[in-house]
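Student: Can you look at this prediction? I've put the sequence above it.
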Amino acid sequence: MLFLMFIRAIFVVVVIALLLLSLKASSEDGMSIGMLSWRVGYTLAVTFFVIAVEWLTPKKALKSVAAAFFGLLIGVLISWAMSPVLLMLNDLYFQMSEEPLKMSQWLMGACICYLSMSLVVRTKDDKRFIVPYVEFSRQTKGLRPLVLDTSVIIDGRIADISETKLFDAPLIVPRFVLNELQLIADSGDKMKRTRGRRGLDMLNKLQSSTIVEVDIDDTPPPGMDINSPVDQKLVAFTKNCDGRLVTNDFNLNKVAQLRGVDVININDLANAMKTVTLPGEMMTVKIIKPGDSPQQGVGYLDDGTMVVVENARDKINQTIEISVTSSLQTSAGRMIFGKFEKMAANKPRSNGRPEKKKYDQKQN
């Protein structure tokens with residue numbers, strides 16, 4: 001945005017310089033005050049009109065010096081092509097003298113260059129330049145942005161993860177995701193309303209953080225209308241900006257992978273951070289409820305991991321020590337399977353007294 005303001009300032013300076021030079025040349029030729037005033041008003045009106053057209057053009061985020069030079073090149077080529085057209089119109093209708101005609105040519109060139117530069121700078125460089133039998137696709141440089149899904153914002157763990165400085169890339173929230181959050185927060189269902197307000201609070205927390213950069217992007221996903229499902233918009237938006245989709249939705253995860261979009265699943269990330277358990281290790285768990293199979297008991301670790309224990313159906317509400325047999329880790333969660341050794345648990349532990357009694361009998 002600062003670079004775009006810089007382009008606007010240069011455009012205004014160029015127009016004012018051309019206007020002053022034209023006024024100086026016209027005054028030396030003896031042009032009347034009324035004609036000079038008309039020329040000043042005409043030039044200022046055209047300048048403000050061009051800036052207004054550029055200002056009202058739908059904005060798309062891009063800050064690139066290369067794009068500005070590319071737009072300038074396009075503007076120069078268009079100005080060169082339009083110059084004969086202006087000469088022909090002058091001969092047919094305007095009948096301007098040589099000095100005003102040059103002024104009009106310079107003003108037309110400046111306006112065309114300004115419009116082309118501003119439009120290229122404000123357009124994402126996601127276009128593919130097609131040549132017959134050759135296709136040049138854009139190569140992304142730097143960090144790829146992370147596009148946040150509605151579910152991951154409501155979940156809230158993304159805010160805590162961002163505080164750990166794990167993510168260096170900027171976080172992007174599309175405008176339609178923010179609209180969906182607001183729609184959920186205004187829902188008549190109390191549960192949905194609570195979830196929506198939590199999502200808005202989490203988003204506000206992310207924006208107020210000094211560690212991570214969060215942007216609200218108004219760019220519409222290509223090929224989608226306003227009534228398209230949010231999941232389809234997210235996949236198209238992420239693919240368009242060459243980012244990575246951050247979500248907790250299992251189905252959206254699979255669809256995005258089928259479309260060739262990289263996905264970061266917060267559940268997978270959380271499961272990867274959990275302690276690894278190997279078969280044969282001992283752990284302590286409290287049995288909460290009976291399992292599906294006979295003699296099975298179910299307990300939970302502090303991080304919410306489900307533990308299924310064989311031979312522990314009669315140990316409900318008791319804390320027991322089990323032996324890990326296997327573990328299963330998926331995007332939906334993590335499960336640990338173990339076995340409670342009854343014989344080992346009921347076996348009396350040695351406290352030294354039997355050995356002392358045998359020693360006393362030997363002495364007698």
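Tutor: Nice, I can see it.
Student: now the strands for this protein?
Tutor: 129-131, 134-136, 146-148, 171-174, 214-217, 244-247, 263-265, 282-290, 296-300, 306-310, 319-330, 333-339 (DSSP state E).
Student: list the contacts for the nearest residue to Asp168 once chain neighbours are set aside?
Tutor: Setting aside the residues directly before and after it, Asp168 is nearest to Leu143 in space (C-beta to C-beta, 6 or more residues apart in numbering), at 5.8 Å. Bear in mind the C-beta positions are built from the backbone N, C-alpha and C, glycine included. For Leu143, the contact set (C-beta atoms under 8 Å, 6 or more residues apart in numbering) comprises Asp168, Ala169, Pro170.
Student: what number of residues lie near the first one?
Tutor: Think Asp168. 10 (other C-beta atoms under 10 Å).
Student: just to revisit the earlier point, how about JSON lines for the strands of the chain, with mean neighbour count added?
Tutor: Formatted as JSON lines, those follow (neighbours: other C-beta atoms under 10 Å):
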{"stretch": "strand 129-131", "mean neighbour count": "8"}
{"stretch": "strand 134-136", "mean neighbour count": "9"}
{"stretch": "strand 146-148", "mean neighbour count": "25"}
{"stretch": "strand 171-174", "mean neighbour count": "23"}
{"stretch": "strand 214-217", "mean neighbour count": "16"}
{"stretch": "strand 244-247", "mean neighbour count": "23"}
{"stretch": "strand 263-265", "mean neighbour count": "20"}
{"stretch": "strand 282-290", "mean neighbour count": "16"}
{"stretch": "strand 296-300", "mean neighbour count": "21"}
{"stretch": "strand 306-310", "mean neighbour count": "21"}
{"stretch": "strand 319-330", "mean neighbour count": "16"}
{"stretch": "strand 333-339", "mean neighbour count": "19"}
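Student: Looking at the ones you listed, spot the one closest to Lys274.
Tutor: Nearest of the strands of the chain to Lys274, taken as C-beta to C-beta: strand 333-339 at 6.2 Å.
Student: helices and strands around the closest one, which ones?
Tutor: Helices and strands touching strand 333-339, by 3 or more C-beta pairs under 8 Å, 6 or more residues apart in numbering; DSSP states H and E, are helix 266-272, strand 282-290, strand 306-310, strand 319-330.
Student: now with 6 Å?
Tutor: strand 306-310, strand 319-330 (3 or more C-beta pairs under 6 Å, 6 or more residues apart in numbering; DSSP states H and E).
Student: Gln105 is nearest to which of the ones you listed?
Tutor: For these, proximity to Gln105 was assessed by C-beta to C-beta; strand 319-330 is nearest, at 68.5 Å.
Student: mind listing what that closest one pairs with, with the direction of each?
Tutor: strand 282-290 (antiparallel), strand 333-339 (antiparallel) (DSSP bridges).
Student: would CSV of the strands of the chain with mean pLDDT and distance to Ile51 be doable?
Tutor: Output for these, formatted as CSV (pLDDT from 0 to 100; distance: least, C-beta to C-beta, whole Å):
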stretch, mean pLDDT, distance to Ile51
strand 129-131, 39, 29
strand 134-136, 42, 33
strand 146-148, 90, 33
strand 171-174, 89, 29
strand 214-217, 86, 24
strand 244-247, 90, 37
strand 263-265, 87, 41
strand 282-290, 89, 68
strand 296-300, 90, 63
strand 306-310, 90, 62
strand 319-330, 84, 56
strand 333-339, 83, 56
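Student: Just send those strands back as a markdown table, with distance to Val76 too.
Tutor: As requested, the strands of the chain are exported to a markdown table (distance: least, C-beta to C-beta, whole Å):
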| stretch | distance to Val76 |
| --- | --- |
| strand 129-131 | 19 |
| strand 134-136 | 22 |
| strand 146-148 | 37 |
| strand 171-174 | 34 |
| strand 214-217 | 31 |
| strand 244-247 | 38 |
| strand 263-265 | 43 |
| strand 282-290 | 72 |
| strand 296-300 | 69 |
| strand 306-310 | 67 |
| strand 319-330 | 58 |
| strand 333-339 | 60 |
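Student: To Trp55, which of these lies closest?
Tutor: Nearest to Trp55, of those and by C-beta to C-beta, is strand 214-217 at 19.3 Å.
Student: My guess is Arg197 contacts Ile184. True?
Tutor: No: between Arg197 and Ile184 there is no contact, the gap being 8.5 Å when judged by C-beta atoms under 6 Å.
Student: When the two are compared, which one has more neighbours?
Tutor: Remark: of Arg197 and Ile184, Ile184 carries more neighbours, 21 against 16, as counted by other C-beta under 10 Å.
Student: isn't that one right up against Gly196?
Tutor: Yes: look at Ile184 against Gly196 with C-beta under 6 Å: they come within range, at 3.2 Å.
Student: Which residue, neighbours along the chain excluded, lies closest to Leu178?
Tutor: Ile216 (6.2 Å).
Student: Please name the bridge partners of the one you found.
Tutor: Val173.
Student: Was I right to think it contacts Val173?
Tutor: Yes: using C-beta under 6 Å, Ile216 is in contact with Val173, at 5.4 Å.
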